[in-house]
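Participant: Below are the sequence and a predicted model for it; my questions follow.
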Amino acid sequence: MKIESKRERAEKILEEFAEIEERIAAAASAGHSETLTDLLRRRAAMELPAKAAQRFLDLLEEARGVSEMTEQARRDGDGALLDLSLEEARRLEKEIEKAKDAFNKSLLPPDPYDEKNILMEIRAGTGGEEAALFAADLFKMYTRYAERSGYTCEVLSSHETEIGGYKEIVFSISGKGAYSRLKYEGGVHRVQRVPRTESSGRIHTSAATVAVLPEADEVDVKIDSSELRIDVFRSQGPGGQSVNTTDSAVRVTHLPTGLIVTCQDEKSQHKNKAKALRVLRSRLLELREEAERRERDSARRSMVGSGDRSERIRTYNFPQGRVTDHRVDLTLYALEDVLDGDLEKIIDALREADDRKRLEAMEKAGN
């Protein structure tokens with residue numbers, strides 16, 4: 001978008017922000033609490049765009065002054081002042097471009113689930129026991145990332161193999177902005193290494209599937225108890241042996257969709273049922289969101305992969321000690337650090353690529 005049209009947009013944002021602040025003052029003095037609450041919410045939503053708009057306009061005004069100084073130096077034949085003003089103009093040009101990008105980003109519609117907690121589901125794919133061991137490595141990677149970020153983890157359901165892998169594990173990560181940071185992790189993760197179960201030393205390729213769901217609460221998804229079938233049974237450990245003498249494991253079936261969630265990690269049937277319903281709500285929210293995504297204009301969708309579980313997104317190569325994210329063509333020779341939860345460089349690259357594509361779409365739309 002051209003500078004002048006962007007200037008007009010910034011001025012309009014500041015006018016709207018000033019108007020809201022005037023209305024807040026009026027509502028506060030009149031004691032209109034409901035109106036005031038709505039206005040305060042709108043003010044909070046506009047605060048970042050208004051701040052970015054002001055910064056952008058301030059730099060444009062500063063550049064106008066430097067331009068005048070440059071012209072005056074040319075007229076006066078003042079070479080020293082001309083060099084100084086031209087250098088300042090080059091600096092401001094870069095600052096204005098940064099400020100314009102920051103203003104653009106502030107106008108991008110937020111993901112309504114960015115502040116949500118998440119549920120992650122990791123399932124072993126091709127590769128048998130080695131894939132299950134890799135699923136366990138991914139689970140450890142995400143729990144370490146959560147620790148580094150000050151988030152908390154809770155295992156909701158798991159199916160462990162006899163040698164310490166996971167055929168499937170479902171867990172929550174709770175903390176402010178958890179979904180905004182980890183939502184790009186969904187897809188197929190591939191590992192290339194010599195399996196622990198391989199005696200010949202040959203490198204194998206295995207895979208595990210990761211799904212990332214915003215954790216839904218009762219406000220997001222209402223479940224009618226008449227739509228559920230609840231079955232209870234004894235918990236099973238690795239190899240299928242019973243690990244409990246009571247029927248504490250719970251299987252919840254959502255009859256309208258056929259979704260089935262099983263939880264058996266707790267000794268309490270009540271706790272297993274509560275966990276199963278948490279997972280079910282999030283899966284139902286995912287189904288609803290996927291249906292809505294299909295109906296949206298494709299230009300408004302994120303361009304950093306589709307998030308489809310069948311899409312290969314990342315490769316962990318042990319012989320070379322590297323991790324490659326195929327969506328942003330990023331390769332890091334820091335495999336051990338990544339598996340220890342150091343995901344910031346990857347996450348930042350994915351977020352930046354997503355913002356860039358969304359900005360391009362917004363620019364094309366003329367917003």
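Facilitator: Looks like it arrived, so ask away.

Participant: okay, how far is it across stretch 112-129, tip to tip?
Facilitator: This stretch, stretch 112-129, spans 38 Å end to end (C-alpha to C-alpha, to the nearest Å).

Participant: ok, now stretch 340-347?
Facilitator: 15 Å.

Participant: Show me what it is in contact with.
Facilitator: For stretch 340-347, the surrounding residues in contact (C-beta atoms under 8 Å, 6 or more residues apart in numbering) are 141-148, 181-182, 184, 314, 323, 325, 330, 332, 334, 338. Yep, even glycine has a C-beta here, placed from its N, CA and C like the rest.

Participant: can you map out the helices along the protein?
Facilitator: For the chain, applying DSSP state H gives helices covering 3-30, 33-76, 79-107, 128-149, 178-182, 269-295, 335-339, 344-365.

Participant: Quick check: which of those is nearest to Ser248?
Facilitator: helix 269-295 (4.7 Å; C-beta to C-beta).

Participant: residues in contact with Pro49?
Facilitator: By C-beta under 8 Å, 6+ apart, the contact list for Pro49 reads 13, 17, 103, 106-107.

Participant: The helices of the chain: which one's closest to Ser172?
Facilitator: Per C-beta to C-beta, nearest to Ser172 of the helices of the chain: helix 269-295, 7.3 Å.

Participant: For that closest one, the averaged confidence score.
Facilitator: Confidence over helix 269-295, taken as the mean pLDDT, stands at 85.

Participant: now stretch 14-31
Facilitator: Per-residue pLDDT values across stretch 14-31 average out to 90.

Participant: Could you list the residues in contact with it?
Facilitator: So stretch 14-31 is in contact with 35-36, 39-40, 42-43, 46-47, 49-50, 53-54, 57, going by C-beta under 8 Å, 6+ apart.

Participant: What is the neighbour count of Arg327?
Facilitator: Arg327 has 20 neighbouring residues, counting by other C-beta atoms under 10 Å.

Participant: go on, Glu160?
Facilitator: For Glu160, using other C-beta under 10 Å, the count is 18.

Participant: now the residue nearest to Glu215 when sequence neighbours are not counted: how far from Cys263?
Facilitator: Spatial nearest neighbour of Glu215, chain neighbours left out: Asn117 (4.3 Å); criterion: C-beta to C-beta, 6 or more residues apart in numbering. Going from Asn117 to Cys263 by C-beta to C-beta, to the nearest Å gives 17 Å.

Participant: which one of these two has more residues nearby?
Facilitator: Set Asn117 next to Cys263 and count neighbours by other C-beta under 10 Å: Cys263 wins out with 27 against 23.

Participant: tell me the contacts of the more buried one?
Facilitator: By C-beta under 8 Å, 6+ apart, the contact set of Cys263 is 156-157, 249-250, 272-273, 275-276, 279.

Participant: Let me see the contact set for Ile173.
Facilitator: Ile173 sits next to 117-118, 120, 142, 146, 151-153, 182 when contact means C-beta under 8 Å, 6+ apart.

Participant: What about those residues, which one has the most neighbours?
Facilitator: Highest count within the contacts of Ile173 by other C-beta under 10 Å belongs to Ile118, 26 neighbours.

Participant: leaving aside the residues next to it on the chain, what's closest to Val279?
Facilitator: That would be Val261: by C-beta to C-beta, 6+ apart, it lies 4.7 Å from Val279.

Participant: and that neighbour, bridged to which residues?
Facilitator: In this structure, Val261 bridges to Val252 when assessed by DSSP bridges.

Participant: The lengthiest strand in the chain - contacts with which helices or strands?
Facilitator: Under DSSP state E, the strand in the chain containing the largest number of residues is strand 204-214. On a contact count with 3 or more C-beta pairs under 8 Å, 6 or more residues apart in numbering; DSSP states H and E, strand 204-214 meets strand 118-124, helix 128-149, helix 178-182, strand 187-193, helix 269-295.

Participant: Please dump these into JSON lines; it should also carry distance to Phe318 for every row.
Facilitator: What follows is the helices and strands packed on strand 204-214, written out as JSON lines (distance: least, C-beta to C-beta, whole Å):
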{"stretch": "strand 118-124", "distance to Phe318": "17"}
{"stretch": "helix 128-149", "distance to Phe318": "10"}
{"stretch": "helix 178-182", "distance to Phe318": "23"}
{"stretch": "strand 187-193", "distance to Phe318": "4"}
{"stretch": "helix 269-295", "distance to Phe318": "32"}
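
Participant: ranking these by burial, who's on top?
Facilitator: Highest mean neighbour count among the helices and strands packed on strand 204-214 (mean count of other C-beta atoms under 10 Å): strand 118-124, with a mean of 24.

Participant: Quick one: residues in contact with it.
Facilitator: By C-beta under 8 Å, 6+ apart, the surrounding residues in contact with strand 118-124 are 131-132, 134-135, 138-139, 142, 156, 165-173, 178-179, 182-183, 185, 208-215, 278-279, 282.

Participant: so Ser282 touches Asp217, yeah?
Facilitator: No: using C-beta atoms under 8 Å, Ser282 makes no contact with Asp217, being 9.5 Å away.

Participant: where does the stretch 101-250 of the chain have low pLDDT?
Facilitator: 236-246 (pLDDT under 70).

Participant: Could you rerun that using 90?
Facilitator: 101-102, 104-113, 115, 126-128, 157, 163, 195-202, 216-227, 231-249 (pLDDT under 90).
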